[in-house]
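> Pasting the sequence and the predicted model now:
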Amino acid sequence: MLPAKSLWKPVLQKWITGRVRRFRMVPSIPPFPSKLDSLGLYLHVPFCKSLCPFCPYNRVAYEKSSFERYLTAVLQEIDIHAPHLRSAEFSSLYIGGGTPTVDLTGLMRIISHLRSSLDFRGDICIELHPAHMDEDDLASLKEAGVTMLSVGVESTTDELLQRIGRNHSGKEALDALGRARRVGFDTINADLMFALPDQTVDQWRHDVLAVLDQGVDQLSTYPMFTFPYSDHGREVRARSVQRPRDSTIRAMLRFTDQECIDRGFDRCAVWSWNRPNTGKFSSITRHRYLGFGPSAATMDGDHFYVNTFDVDAYADCLPAHRPVALAMEVDTRLEMAYWLYWRVYELFVPAAEFDRLFGPEESLDSRFGTLFSTARAAGMAEKTSDGYVISPAGAYWIHRLQNEYSLNYINRLWGTCRRDPWPAKAVL
Ligand SMILES: C[S@@+](CC[C@H](N)C(=O)[O-])C[C@H]1O[C@@H](n2cnc3c(N)ncnc32)[C@H](O)[C@@H]1O
Ligand code: SF4
């Protein structure tokens, strides 16, 4: 059991960000980014053919006319930024959703516009839905430069897929992975969800084995989060749907960890395992990033901000002004805390990257030494010659803390932005 949030939350905040505070995001439009190195790009495509009730992401049902308005607006948003980003070199593009390939022709136009407007060279990572992955789609993605993809398999058990409202079978999802392998990408990740209502350990074992047998390069396993504002959150309250017990969830994680390690995979994040020497599929590899599209977030080292979530409001305000709904300033300590949070999630905190981003006045040890000493004493971290590695025990507690802590932030921000296209504020 975790101690009450009122006890550990202020201690953790003070330790990491320097003071106990509530973060306020307000309606303001920050200047264009000034720290132009190490910037990644994020594109949000908020459309799906069928809406899963458990899904917390910003997405609406696909309609051609609405997608066309979105497309025009995204191209305009890129155009507004391009003159200010002439000296920036972007090293990755992450395309998330929604279902980014729901209108493949439109997506291709956006990718090609990004390429011609910005100096962009690196990996293109994309989230895919098994029902939108025929061989031609995959070949077009490859031709457009997509190198890494992640497929939402979620489960291979048909009753569970139906129970959570997915519109594909287990076999369809596994076949989609097979097609992706045949077309050939640098990294193929499969997402599975565990702790589903009434899910058994045997069903979970079957999921993990089936996906690994398809030859994926990476497996990501997410516990079903129940966001109070999602349709599934309403259902849980209404029908008291039970999550499996903690011991069941631990058994699922233990099995996954052992199976992946037996097959030579490394644990590359709290919830992910990958083959050694393959690029990691991750939305958080870039510390600073610039987001385009409704609900896209930007973290540029000076500000953190989010675009309006509402597709109509987004399209209506462009090109007259930028679609930023809420923003807050980020001071160096907060930026360090944000960086630390994601590196700990990736289970390795590299000292050299800290120095490159924040040195030379501070080092990883001068800034977070006490925190790591405590984590080492508790068996949660180890010091290496190039940073700190989070141990399996540490990973378990981070997993628990993330459920309690980041969910809280995400719920406040996303819940507020989903209710109102232009909220007066969000207090996190
Ligand atoms: C944007 S979706 C993936 C792409 C595509 N839209 C699909 O559904 O196949 C990203 C992933 O988030 C995970 N996810 C979505 N809702 C979740 C929830 N409530 N709890 C945990 N994971 C969730 C799923 O594993 C999903 O594959
Ligand atoms: S899980 Fe994927 S397909 Fe389902 S609603 Fe969310 S983004 Fe759309």
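Yep, it's here. Numbers count the residues shown, from 1 in each chain. Ligands and ions are numbered 1, 2, ... in the order given.

> The chain: helices as residue ranges?
5-17, 64-81, 104-117, 135-143, 158-163, 170-183, 201-213, 231-239, 246-262, 311-317, 332-345, 351-358, 364-377, 392-419 (DSSP state H).

> Pipe these into JSON lines and attach mean neighbour count, distance to H303 and mean pLDDT per row.
(C-beta placed from N, C-alpha, C; glycine too.) Formatted as JSON lines, the helices of the chain follow (neighbours: other C-beta atoms under 10 Å; distance: least, C-beta to C-beta, whole Å; pLDDT from 0 to 100):
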{"stretch": "helix 5-17", "mean neighbour count": "14", "distance to H303": "16", "mean pLDDT": "57"}
{"stretch": "helix 64-81", "mean neighbour count": "17", "distance to H303": "14", "mean pLDDT": "98"}
{"stretch": "helix 104-117", "mean neighbour count": "16", "distance to H303": "21", "mean pLDDT": "97"}
{"stretch": "helix 135-143", "mean neighbour count": "16", "distance to H303": "32", "mean pLDDT": "97"}
{"stretch": "helix 158-163", "mean neighbour count": "16", "distance to H303": "40", "mean pLDDT": "94"}
{"stretch": "helix 170-183", "mean neighbour count": "18", "distance to H303": "37", "mean pLDDT": "98"}
{"stretch": "helix 201-213", "mean neighbour count": "18", "distance to H303": "39", "mean pLDDT": "97"}
{"stretch": "helix 231-239", "mean neighbour count": "14", "distance to H303": "30", "mean pLDDT": "59"}
{"stretch": "helix 246-262", "mean neighbour count": "16", "distance to H303": "36", "mean pLDDT": "90"}
{"stretch": "helix 311-317", "mean neighbour count": "19", "distance to H303": "18", "mean pLDDT": "98"}
{"stretch": "helix 332-345", "mean neighbour count": "19", "distance to H303": "10", "mean pLDDT": "90"}
{"stretch": "helix 351-358", "mean neighbour count": "16", "distance to H303": "16", "mean pLDDT": "93"}
{"stretch": "helix 364-377", "mean neighbour count": "15", "distance to H303": "21", "mean pLDDT": "93"}
{"stretch": "helix 392-419", "mean neighbour count": "16", "distance to H303": "15", "mean pLDDT": "80"}
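
> Quick one: closest of those to ligand 1.
helix 231-239 (6.5 Å; C-beta to the nearest ligand atom).

> Take stretch 381-388, keep the C-alpha atoms, and write them as PDB.
Only the C-alpha atoms of stretch 381-388 are listed here, as PDB (Å, rounded to 0.1, in the frame of the first residue of the first chain):
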ATOM      1  CA  ALA A 381      18.400   2.400  -8.100                       C
ATOM      2  CA  GLU A 382      22.000   1.700  -8.700                       C
ATOM      3  CA  LYS A 383      24.800   4.100  -9.700                       C
ATOM      4  CA  THR A 384      26.800   3.200 -12.800                       C
ATOM      5  CA  SER A 385      29.700   5.000 -14.500                       C
ATOM      6  CA  ASP A 386      27.300   6.900 -16.700                       C
ATOM      7  CA  GLY A 387      24.300   7.600 -14.500                       C
ATOM      8  CA  TYR A 388      21.700   5.800 -12.500                       C
END
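
> residues in contact with it?
Under the contact criterion C-beta atoms under 8 Å, 6 or more residues apart in numbering, stretch 381-388 has outside partners 348-352, 354, 364, 372, 375-376, 389-391, 394.

> In a markdown table, list the residues you listed along with distance to L71.
Below are the contacts of stretch 381-388 laid out as a markdown table (distance: C-beta to C-beta, whole Å):
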| residue | distance to L71 |
| --- | --- |
| F348 | 38 |
| V349 | 40 |
| P350 | 38 |
| A351 | 43 |
| A352 | 40 |
| F354 | 39 |
| L364 | 43 |
| F372 | 46 |
| A375 | 46 |
| R376 | 51 |
| V389 | 44 |
| I390 | 41 |
| S391 | 46 |
| G394 | 44 |
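
> what's the closest of the helices of the chain to ligand 2?
Among the helices of the chain, the nearest to ligand 2 by C-beta to the nearest ligand atom is helix 231-239 (9.6 Å).

> can you put the helices of the chain in a markdown table and add distance to S283?
Shown next, in a markdown table, are the helices of the chain (distance: least, C-beta to C-beta, whole Å):
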| stretch | distance to S283 |
| --- | --- |
| helix 5-17 | 22 |
| helix 64-81 | 18 |
| helix 104-117 | 17 |
| helix 135-143 | 17 |
| helix 158-163 | 24 |
| helix 170-183 | 18 |
| helix 201-213 | 20 |
| helix 231-239 | 21 |
| helix 246-262 | 20 |
| helix 311-317 | 20 |
| helix 332-345 | 10 |
| helix 351-358 | 17 |
| helix 364-377 | 23 |
| helix 392-419 | 13 |
